[in-house]
Structure formats: C-alpha cells, structure tokens
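>>> No sequence on hand, only this structure:
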C-alpha cells in the first residue's frame, strides 16, 4: 500500500511551482518587451 501524502505539503509544493512559473513568465515577458522596444527605438533612430 502506498504511503499517504500530506495534502498541506502537496498544496505548498504546487504553490511553490506556481510562484516559479509566474516568475519565469515575468522574466521571459520582460525580455520580449525589451527586444520589442529595442526594435522600435532602432527604427525611430534610423539605424
């Protein structure tokens, strides 16, 4: 018979994963925004 898992520990583990996913999404979004802004500024400056 498998060992019983603690629901509170599972919830904490899931929440930690959500925090990591949210942070990763924000970092990737910030990088994408920076690239987008760089292209806009390079077009405005005429380079």
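Noted; the coordinates are in hand. Nothing here was measured: the structure is a model prediction, and the numbers come from that model.

>>> Flag the shaky bits of this structure, pLDDT-wise.
1-3, 47 (pLDDT under 70).

>>> where do the helices sit along it?
Taking DSSP state H, the helices of the chain run over residues 7-45.

>>> ok, residue 18 - how many residues close by?
Each residue near residue 18 was counted by other CB atoms under 10 Å, and the total is 10. All C-beta atoms are positioned from the backbone trio N, CA, C, and that covers glycine.

>>> any idea how far it is from residue 32?
21 Å (CB to CB, to the nearest Å).

>>> ditto for residue 8
Separation of residue 8 from residue 32 (CB to CB): 36 Å.

>>> cool, residue 6 as well?
For residue 6, the distance to residue 32 (CB to CB) stands at 38 Å.

>>> next one: residue 10
In terms of CB to CB, residue 10 sits 33 Å off from residue 32.

>>> Repeat that for residue 26.
Counting by CB to CB - residue 26 and residue 32 are separated by 11 Å.

>>> just residue 46 next, same as before
Taken as CB to CB, the span from residue 46 to residue 32 is 24 Å.

>>> out of those two, which sits in the more crowded spot?
residue 32 (10 against 5).

>>> Residue 42: neighbour count?
A count of neighbours around residue 42, defined by other CB under 10 Å, yields 10.

>>> Contacts only, for it.
Contacts for residue 42 were tallied using CB atoms under 8 Å, 6 or more residues apart in numbering; there are none.
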